[in-house]
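Novice: coords please:
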Amino acid sequence: MAAFGIEPRMEIIGHQHGIEHDDGVRQQIGIHPFANIHRLADEGKLVVAGPFGDKNDWRGMFIFNVETVEDAQKLTATDPVIKSGLMVADYHKLYCSAALMEIGNIHKKIAKENF
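Specialist: Residues are numbered from 1 along each chain as shown. Reported below is the predicted structural model:
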């Protein structure tokens with residue numbers, strides 16, 4: 001598939017673990033995932049991350065630049081929300097355009113500010 005510009009990535013879907021919470025609760029217990037997200041992106045391991053906009057048990061997604069579920073599990077284990085037990089992760093292999101790896105560079109060029 002590489003000849004077609006398609007490469008495997010690991011997609012991680014984080015979903016709520018039976019605990020209703022909001023951003024206020026997260027702040028109260030000190031869960032701030034952005035530092036970890038930026039670290040993983042700077043290391044070239046995290047390609048894309050973000051929350052889903054609808055309200056259901058599926059809360060957000062990571063796409064990692066790794067080959068195996070085991071590698072993705074190690075990276076996911078560094079996420080404060082996952083470590084807290086508020087969310088659990090489902091792992092899926094995703095085949096997508098190799099151009100996805102450029103998202104981080106494009107984001108840095110067009111983002112007005114970082115969070």
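
Novice: Convert the one helix or strand Leu94 maps to to CSV, retaining C-alpha atoms only.
Specialist: Applying DSSP states H and E as the criterion places Leu94 in strand 87-97. Output in CSV follows, covering the C-alpha atoms of strand 87-97 (Å, rounded to 0.1, in the frame of the first residue of the first chain):
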residue,chain,number,x,y,z
MET,A,87,-11.7,7.0,30.0
VAL,A,88,-10.7,3.7,28.4
ALA,A,89,-9.1,3.2,25.0
ASP,A,90,-10.2,1.1,22.1
TYR,A,91,-7.4,0.3,19.5
HIS,A,92,-7.9,0.1,15.7
LYS,A,93,-5.4,0.0,12.9
LEU,A,94,-6.1,2.8,10.4
TYR,A,95,-4.8,2.9,6.8
CYS,A,96,-4.7,6.4,5.5
SER,A,97,-2.7,8.8,3.4
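
Novice: Now it: buried residues?
Specialist: 87, 89, 91, 96 (16 or more other Cβ atoms under 10 Å). The C-beta positions use only the backbone N, C-alpha and C, and glycine is treated the same way.

Novice: Check whether the last one really touches Val47, as I assumed.
Specialist: No: because the distance of 9.1 Å does not satisfy Cβ atoms under 8 Å, Cys96 is recorded as not touching Val47.

Novice: what do the two both touch?
Specialist: With contacts defined as Cβ atoms under 8 Å, 6 or more residues apart in numbering, the residues shared by Cys96 and Val47 are 9, 63.

Novice: Any buried residues in stretch 79-87, and which?
Specialist: Residues 79-82, 84, 86-87 are the ones in stretch 79-87 that count as buried (16+ other Cβ under 10 Å).

Novice: So what would you say the end-to-end distance of it is?
Specialist: 10 Å (Cα to Cα, to the nearest Å).

Novice: Now do the helices in this structure.
Specialist: For the chain, the helices defined by DSSP state H cover 23-28, 34-42, 69-76, 80-84, 103-110.

Novice: Tell me how many other residues crowd the nearest residue to Ala41 once chain neighbours are set aside.
Specialist: Ranked by Cβ to Cβ, 6 or more residues apart in numbering and with sequence neighbours excluded, the top spatial neighbour of Ala41 is Gly104, at 5.5 Å. Burial of Gly104 is recorded as 15 neighbouring residues (other Cβ atoms under 10 Å).
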